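[1] Below are the sequence and a predicted model for it; my questions follow.
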Amino acid sequence: MTGPPPLSRSGFDSLVAARRYWIVIAVIAAAVLGALAVSVLRDPAPETRRAAGASEEPFVAPQPAALRRSVTRVAHDPTAPEPLSIVSRSHTAVVSAAHTDRLVAAQVALALGAPLVVVPARGPGDGASASEPTAEPASDGAVADLQRLGVVRAVTVSRDDDVDAVLQRAARDGGARDVVRLRPTGGSPPTERTVLRDAVRGDSDGDPAVDPAALRDLEATGPPTAEPTGTAVITRPRGASALQLAVAARAVGHTVITTVASDLRGDRVAIRQLAEMTDGPAPEVIVGTGTLARQSRQNLALQVAVASTGMQLPGGGQLVIDPRRPHARRYITLYGVPQSPALGVLGEQSVDESVVRAREMRRRYRRAVDDGVEVVGGFEIIATVASSSAGRDGNFANELRVAELEPSVRAARRAGLYVLLDIQPGRSDFLTLARRYRKLLRQPHVGLALDPEWRLAPGERHLEQIGSVGIDEVNAVADWLAELTRRNRLPQKMLLLHQFRLSMIRERAGLDTSHPELAYVVQMDGQGPQHTKLETWAAVTANAPTRVQFGWKNFYDEDTPLRSPEATMALEPPPVFVSYQ
């Protein structure tokens with residue numbers, strides 16, 4: 001196959017001439033269109049709003065601030081990225097200096113959907129004379145922020161002329177073509193609380209203390225509202241860094257959540273906000289200032305995953321026991337087997353009547369100890385009952401079927417009561433029997449109790465020996481329960497251990513309490529004269545492993561005398577869990 005015939009020299013010259021002709025035509029057309037574009041896109045802002053010396057350059061159409069996708073977490077750490085690092089670029093930025101003006105500037109930035117850049121220039125209210133404003137060397141950082149963001153328009157907010165001169169110089173050094181000044185008006189300045197509230201609510205009705213006409217003019221030519229990103233920015237509700245982070249988050253379309261909690265699962269409002277953001281997987285979260293920012297990624301991931309489900313425990317929140325405030329909630333429960341009065345008060349009446357009785361007991365404790373602590377009622381149901389006979393499986397325990405327990409578990413959920421499933425394993429092991437009840441343990445209001453008194457070694461019989469368990473077996477149950485809780489994105493679960501002799505839990509000091517999915521309680525469940533019970537209480541509560549709280553049991557028939565709610569809560573340490581048998 002042959003190619004096209006070669007051009008002659010004259011043919012080649014003719015082709016070159018033709019191409020030059022069309023190139024000239026294209027250049028002329030491009031120049032005309034460019035001139036038209038410049039005239040159409042020229043900044044419509046009034047000339048009086050331009051800074052002195054600003055050049056007449058083509059207006060760049062406002063665009064919403066762009067998200068910097070590579071940032072997944074902003075930590076409260078000097079070596080971590082600054083709050084503005086969540087923003088990739090922004091047509092407009094608000095620039096401020098003095099503390100009070102920074103709050104007004106934050107309100108303006110929320111109204112415009114723009115980030116806030118703070119120049120550390122000192123002025124009135126910042127400990128410097130108004131006649132001697134200075135821009136510290138660190139102001140180079142603000143200039144660099146403006147340059148990185150590609151800011152076209154800078155809005156300076158300052159009531160002091162000298163300070164504003166510093167801000168305008170920083171804005172121009174940062175590349176802003178249009179520098180607009182808004183002077184705060186008189187009246188009470190906003191507070192961090194009101195500004196952050198507006199950032200959280202997603203509005204800017206804080207009525208910025210600036211000229212309304214000037215603000216409307218800026219809003220008319222300001223960036224459009226950013227589309228929601230599905231990402232949450234969580235920060236503490238105070239501090240300059242929190243303010244700047246919240247404003248930047250709003251600029252890129254993130255949802256702002258403020259909390260003082262050390263664990264998101266303990267903040268009912270944050271749980272609701274996260275749940276409203278998604279009906280599926282947990283949203284991406286950027287954690288800013290506060291205690292949360294100093295936690296591991298693994299713990300944060302757990303808290304976000306659980307909080308975003310929106311599930312709440314009886315009493316609210318998703319922490320059975322808050323590690324920061326372990327005595328901020330107490331549980332008052334009825335113990336036994338449903339509709340079997342021989343094994344405890346829980347079986348002395350119908351399930352519905354047990355609900356009424358549990359609620360009444362909760363009210364008694366609320367009246368007896370008026371300390372503002374949340375009181376939660378509940379059932380401790382013996383799911384596996386120690387037996388005097390070996391049974392078909394030879395383990396000296398009768399395992400109740402899940403179907404037999406479901407009515408009580410369901411009634412407790414409807415009534416806002418917490419449930420513990422108690423295991424008396426006989427010659428079986430705790431983990432094998434706990435797994436039988438995984439269907440119930442997948443419910444958020446159901447925890448697990450282990451009773452080593454009824455854990456027999458080979459050859460032992462109930463009531464002839466007091467059983468015991470090694471710490472490795474307990475830790476194996478804790479590992480399994482924590483994994484079940486984590487895998488199903490469940491609120492924290494209580495793991496309760498019965499003990500009235502130190503020998504019942506061998507090597508108790510080795511209890512693994514590292515699972516944030518679990519709240520650990522050791523209950524002293526001895527019976528008899530009060531002086532004996534108090535001696536046992538002192539022994540059981542001594543030398544406790546970390547993160548372990550304590551519970552107490554009152555026996556209607558065996559205790560002499562029965563301890564009152566007031567006397568029960570006067571114990572030291574105060575019990576977080578009390579059951580009645």
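    Arrived safely.

[2] chain center to stretch 444-464, what's the gap?
    Between the centre of stretch 444-464 and the centre of its host chain there is 37 Å, according to C-alpha atoms, centre = their mean, to the nearest Å.

[3] mind listing what's buried in it?
    By 16 or more other C-beta atoms under 10 Å, the buried positions in stretch 444-464 come out as 444-456, 462. Every residue, glycine included, has its C-beta placed from N, CA and C.

[4] any idea how far the closest residue to K493 other than its chain neighbours is from S428?
    Leaving aside its chain neighbours, K493 sits nearest to G447 (4.6 Å; criterion: C-beta to C-beta, 6 or more residues apart in numbering). Relative to S428, G447 is positioned 20 Å away (criterion: C-beta to C-beta, to the nearest Å).

[5] Give me the most central residue, this protein.
    Nearest to the geometric centre of the chain sits L264, at 3.2 Å (C-alpha atoms, centre = their mean).

[6] confidence score at the spatially closest residue to that residue that is not a sequence neighbour?
    Beyond its immediate neighbours in the sequence, the residue positioned closest to L264 (C-beta to C-beta, 6+ apart) is Q303, lying 4.0 Å away. Model confidence at Q303, expressed as pLDDT, equals 92.

[7] and what of V477?
    Note on V477: pLDDT of 98.

[8] Go ahead and confirm it touches L448.
    Yes: in terms of C-beta atoms under 8 Å, V477 counts as a neighbour of L448; the distance is 7.3 Å.

[9] Pull the number of nearby residues for Q581.
    Applying other C-beta atoms under 10 Å, we find 20 residues neighbouring Q581.

[10] who does I257 bridge with?
    Counting by DSSP bridges, I257 forms beta bridges with I234.

[11] now it: how far from G290?
    According to C-beta to C-beta, I257 stands 11 Å off from G290.

[12] These two: who's more crowded?
    Comparing I257 with G290 by other C-beta under 10 Å, the one with more neighbours is I257, at 27 against 22.

[13] just the strands in the stretch 51-200 of the chain please.
    For the stretch 51-200 of the chain, the strands defined by DSSP state E, counting those that start in this stretch occupy 66-67, 87-89, 92-96, 116-118, 153-157, 178-182.

[14] Compare those strands and report which one is nearest to H531.
    H531 sits nearest to strand 116-118 of all the strands of the stretch 51-200 of the chain, at 65.0 Å, using C-beta to C-beta.

[15] in its sheet, what does the closest one sit against?
    strand 92-96 (parallel).

[16] Tabulate the CA atom coordinates of the strand it pairs with in CSV.
    Written as CSV, here are the backbone C-alpha positions of strand 92-96 (Å, rounded to 0.1, in the frame of the first residue of the first chain):
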residue,chain,number,x,y,z
THR,A,92,-13.2,34.8,49.4
ALA,A,93,-11.7,34.9,52.9
VAL,A,94,-12.5,37.0,56.0
VAL,A,95,-9.4,38.4,57.7
SER,A,96,-9.3,39.6,61.3
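
[17] That one vs strand 178-182, what angle?
    50 degrees (axes from the mean of the first three to the mean of the last three C-alpha atoms, to 10 degrees).

[18] Name the residues that touch strand 92-96?
    Contact with strand 92-96 is made by 62, 102, 104-106, 108-109, 112, 114-119, 142, 145-146, 149, 151-158, 167, 170-171, 176, 222-223, as judged by C-beta atoms under 8 Å, 6 or more residues apart in numbering.
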